[in-house]
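Engineer: Build me a model:
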Amino acid sequence: MKKLNIINKFLGVVQGSLPVSDGTINNNCGQADSGVVNLMDDTANEQAIKELSIDFARALTDRDFERLDGRSEYHLYTVDHLIELVKNNDEQKTIKLFNENKIKSKYEDCEFLSITFSTDQEQVVVVYNVRTCVLSADDKYFKELNKKNSKKNRISGGTPFSTTYTLLAKNEKGTWKIDKFEASEENIKIGMIL
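Structural biologist: Model (predicted):
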């Protein structure tokens with residue numbers, strides 16, 4: 001079975017077992033004024049995964065077209081995933097997207113929904129909501145974002161919104177690295193994470 005099929009099957013099992021959120025889940029990810037995240041009750045692996053996930057969300061969402069690093073998250077990827085990104089010209093595509101749309105965005109906070117380790121503790125699937133704020137962008141970008149959003153509320157400059165991220169991370173030589181990433185466009189929610 002191909003690697004991607006195995007990952008998709010694994011993600012399907014994990015997502016099928018997620019509890020329904022009543023809006024009260026907040027697994028130690030809110031960003032305090034000091035920027036410190038409370039990880040006191042987590043195992044060392046859970047702490048490392050949460051830190052990786054938060055660093056990844058920040059790298060993807062704290063971006064400004066005027067001083068953009070199109071590979072700010074590359075150090076967080078496995079070697080295999082990084083090779084795929086380079087083959088697919090990811091850096092150039094990111095730079096083009098941000099420059100053409102004049103996007104300035106920032107990370108706000110996140111909420112972990114599930115962290116599921118494999119039996120051998122060498123892989124983990126993380127599902128979490130990331131709240132982002134697009135500070136400014138061209139109108140065409142907001143139109144496209146709202147088309148994907150298909151909600152009654154419209155996203156505009158300064159409107160925080162939440163997107164569900166699903167990460168597959170692997171332990172690569174003792175360090176957790178992201179091997180696959182998916183952002184769920186259909187789950188964009190406007191407003192604050194509770």
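
Engineer: Where does the prediction get shaky in this protein?
Structural biologist: 1-41, 148-153, 185-194 (pLDDT under 70).

Engineer: which residues in it form helices?
Structural biologist: For the chain, the helices defined by DSSP state H occupy 3-16, 44-61, 79-87, 90-101, 139-149.

Engineer: looking at those helices, which is buried most?
Structural biologist: Each of the helices of the chain was given a mean neighbour count from mean count of other C-beta atoms under 10 Å, and the largest, a mean of 18, is that of helix 44-61. From N, CA and C alone the C-beta is placed, and that goes for glycine too.

Engineer: Tell me what angle that helix forms with helix 90-101.
Structural biologist: 50 degrees (axes from the mean of the first three to the mean of the last three C-alpha atoms, to 10 degrees).

Engineer: burial of the closest residue to residue 46 other than its chain neighbours, as a residue count?
Structural biologist: Of all residues not flanking residue 46 in the chain, residue 115 sits nearest, at 6.0 Å (C-beta to C-beta, 6 or more residues apart in numbering). By other C-beta atoms under 10 Å, the residues close to residue 115 number 21.

Engineer: could you dump the helices of the chain to JSON lines with distance to residue 128?
Structural biologist: Listed next are those as JSON lines, based on distance: least, C-beta to C-beta, whole Å:
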{"stretch": "helix 3-16", "distance to residue 128": "12"}
{"stretch": "helix 44-61", "distance to residue 128": "6"}
{"stretch": "helix 79-87", "distance to residue 128": "18"}
{"stretch": "helix 90-101", "distance to residue 128": "21"}
{"stretch": "helix 139-149", "distance to residue 128": "19"}
